[in-house]
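Engineer: Provided below for reference: sequence and predicted model.
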Amino acid sequence: EDMKKKNNDLHSQLIQMTEEADALKEVVTLSNDQAMQFKEQVTTLTLERDETITEMEEVTADLAKAKQDADNERLSFIQRDAAHIEQMCNLEQRLKEEEKNATE
């Protein structure tokens with residue numbers, strides 16, 4: 001009788017331990033699934049970050065080119081303006097000389 005009770009107790013413990021092991025196994029499986037999901041998310045985020053960096057580098061290059069083009073255009077305008085001013089000064093000088101020669 002005592003042996004039968006011990007046997008039943010051990011059997012109950014074995015069932016309980018098996019249930020606990022199954023529960024732990026399920027937790028481990030879920031944890032592994034979550035880890036895989038996190039790994040996929042990290043991979044996706046890394047790719048998105050790399051694409052964003054590439055886009056930023058392209059935008060930065062485009063901005064630098066646009067600034068250079070604007071600087072070149074500004075310089076060209078200044079040079080044209082300076083040439084016009086020089087022409088006007090020369091014309092004014094010639095007119096003064098012609099007026100001077102006409103009055104002499």
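Structural biologist: Nice, thanks for sending it over.
Engineer: of all the residues in stretch 6-16, which ones are buried?
Structural biologist: Neighbour counts over stretch 6-16 (16 or more other C-beta atoms under 10 Å) mark no residue as buried. Where C-beta positions appear, they are placed from N, C-alpha and C, glycine not excepted.
Engineer: what about it, average pLDDT?
Structural biologist: On average, the pLDDT along stretch 6-16 is 93.
Engineer: what about that stretch, distance to the chain center?
Structural biologist: Here stretch 6-16 is found 61 Å from its chain centre; the criterion is C-alpha atoms, centre = their mean, to the nearest Å.
Engineer: can you tell me how far the residue nearest the centre of the chain is from residue 36?
Structural biologist: Nearest to the geometric centre of the chain sits residue 52, at 3.0 Å (C-alpha atoms, centre = their mean). Per C-beta to C-beta, to the nearest Å, residue 52 is found 24 Å from residue 36.
Engineer: what ranges do the helices span in the protein?
Structural biologist: 2-103 (DSSP state H).
Engineer: where does it dip in pLDDT?
Structural biologist: By pLDDT under 70, the chain has no low-scoring segment.
Engineer: try 80 this time
Structural biologist: Applying pLDDT under 80 to the chain flags residues 1, 104.
Engineer: so what's the residue count around residue 34?
Structural biologist: Residues near residue 34, counting by other C-beta atoms under 10 Å, number 10.
Engineer: same question for the one 5 residues further on.
Structural biologist: Residue 39 is surrounded by 10 other residues when neighbours are defined as other C-beta under 10 Å.
Engineer: what do you get for the one 4 residues further on?
Structural biologist: When counting by other C-beta under 10 Å, one arrives at 10 neighbours for residue 43.
Engineer: what of residue 82?
Structural biologist: The burial count for residue 82: 10, using other C-beta under 10 Å.
Engineer: same question, the one 3 residues further on
Structural biologist: The local packing of residue 85 (other C-beta under 10 Å) involves 10 other residues.
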